[in-house]
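> here is a sequence with its predicted model. Questions after.
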Amino acid sequence: MTTLPIFATLQPMETMGLFTPLGIRFWDTATDTQIVDGLEVTARPLGSPGRGQRAFQTSSGIYAFRALAGLRGVEASDPSLSAGVHPVESSPPLAASFVIEVYDRRGRFLPVSFRVDLPYRGVYPTGMNGSPPGASMPGFFLFSTPSRPALSGLAVIRAQLTERLAADRFRPAALAMIEVDVDDDLTWVGIADERGNVAVHFPYPPFADVVSPLSPPPGPAESRLQGWDLAVRVRYQPSAQDKADAWTTWPDLGSLLTQPLANFWLTPLGPPQAQQIMRLTFGQPLLLQTAGRSELWIQP
């Protein structure tokens, strides 16, 4: 006769299930991978000062929250509910606005803040309400700091963006944004720090077909390097850089990404332009500069 192990005959006396009002998957735009370490993520009610509630990490690397102010009711235990199902349905539905702030202790990503209404079903921001099928984001995007080292196998565009206030007056273009069109369907983004420094890391575009060696090779070596033409734009408007509330240290990410286009100068005499086609060469960083200067002049 086969005897079952003692644990196989045990029956649970009680089952507990807790609904988490917010879980966030963070995503590295440069490497197209989930960020699972080094982040300090806090949440606090909109309009309320204080340090906020710090997130904990799940086994899958999701940053999640418990015991948020005003939302303890939605965490109520109900063993009959499936995972991820909202445990409390009310009319009107229970909702509260929170400010989320993110800081990278390892210095790879710029700080970021954003506002979100809670509770949120599922993992934020994947599968957001109203998104067409197949259009959901893999996670919440974080952007590289200008001090992040060059990443193996990736292209990088760097610039020191300076706002031209007058012919002889300048200031750092803090939190300006660079857009890089690699092709008709793909745009990469970088955000400047408070000193106007910015780096955009992204995969190289597809390489051209390899040409069989000729004798003698056609032209000098530099002319045979693989290169691509990219469309580059700058977005910048300090008045559009809105904070979620008076206690937020960093402008809301949405306001940074929707700044209007700005003009920039490739030469001190201009003319200023909103877009320029620039040449990226494999293995070499592309530096954006106004001729004769170390920085790139821009103006809203």
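Noted; the coordinates are in hand. All values derive from a computational prediction rather than experimental measurement.

> residues near the closest residue to residue 293 other than its chain neighbours, how many?
In this structure, residue 293 finds its nearest non-sequential neighbour in residue 268, 7.4 Å apart by C-beta to C-beta, 6 or more residues apart in numbering. Glycine gets a C-beta too; all of them are placed from N, C-alpha and C. Residue 268 has 12 neighbours, counted by other C-beta atoms under 10 Å.

> distance of residue 268 relative to residue 173?
Separation of residue 268 from residue 173 (C-beta to C-beta, to the nearest Å): 16 Å.

> how about residue 73, phi and psi?
The phi/psi pair for residue 73 (degrees, to the nearest 10) reads phi -60, psi -30.

> what about it, distance to residue 99?
According to C-beta to C-beta, residue 73 and residue 99 sit 21 Å apart.

> the more surrounded of those two?
Set residue 73 next to residue 99 and count neighbours by other C-beta under 10 Å: residue 99 wins out with 22 against 13.

> I'd say the more buried one and residue 250 touch.
No: the pair residue 99 / residue 250 is not scored as a contact, 10.1 Å apart, by C-beta atoms under 8 Å.

> mind listing the shared neighbours of these two?
residue 113 (C-beta atoms under 8 Å, 6 or more residues apart in numbering).

> for the residue nearest to residue 293, what are its contacts?
290, 291, 292, 293, 297.

> phi and psi next, for it.
For residue 268, the backbone dihedrals (degrees, to the nearest 10) come out as phi -60, psi -30.

> now do residue 289
phi -150, psi 150.

> for it, which residues are in contact?
For residue 289, the contact set (C-beta under 8 Å, 6+ apart) comprises 159, 295, 296.

> okay, now the second one: neighbour count?
By other C-beta under 10 Å, the residues close to residue 295 number 18.

> wouldn't it be in contact with residue 164 here?
No: counting by C-beta under 8 Å, residue 295 sits too far from residue 164 to count as a contact (9.9 Å).

> need the contact list for residue 160.
Applying C-beta under 8 Å, 6+ apart, the residues near residue 160 are 195, 196, 197, 198, 294, 295, 296.

> if we use 7 Å, what do you get?
Counting by C-beta atoms under 7 Å, 6 or more residues apart in numbering, residue 160 touches 196, 197, 294, 295, 296.

> also residue 296?
Contact analysis of residue 296 by C-beta under 7 Å, 6+ apart lists 159, 160, 161, 162, 264, 288, 289, 290.

> quickly list what the fourth one is bridged to.
It stands for residue 162. Counting by DSSP bridges, residue 162 forms beta bridges with residue 172, residue 297.

> who's in contact with it?
Contacts were defined as C-beta under 7 Å, 6+ apart; by that measure residue 162 touches 170, 172, 173, 196, 295, 296, 297, 298.
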